[in-house]
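J.: Quick one, what's the 3D model for this:
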Amino acid sequence: MIDRIVRGYVLEWINISKIDWLPMFNIADILVLVGWILVVGKFTYFTAKELRRKTEK
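T.: Next up, the predicted model:
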């Protein structure tokens, strides 16, 4: 928000190609997505591990 107000544009956009139809990505959005993927993956892994442990008893 500060970049948008002070500079008039955002610095953290990533353009992955020179082709106009490909989207540009925001670093913060990418990190939020990666964080959610890690949380869901960790939750799934430990839930499956706990279920396996309970069924072995």
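
J.: Next, count neighbours for Asn26.
T.: Residues near Asn26, counting by other Cβ atoms under 10 Å, number 13. Every C-beta, even on glycine, is put in place using the N, C-alpha and C of the backbone.

J.: ok, it to Leu33 distance?
T.: 10 Å (Cβ to Cβ, to the nearest Å).

J.: How about Val39?
T.: Between Val39 and Leu33 the distance is 11 Å, computed by Cβ to Cβ.

J.: Over to Lys54?
T.: Distance, Lys54 to Leu33, using Cβ to Cβ: 32 Å.

J.: Neighbour count for those two, which is higher?
T.: Between Lys54 and Leu33, Leu33 has the larger neighbour count (other Cβ under 10 Å), namely 11 against 8.

J.: where's that one relative to Lys49, distance?
T.: 25 Å.

J.: Kindly report the same for Leu38.
T.: The spacing between Leu38 and Lys49, counted by Cβ to Cβ, is 16 Å.
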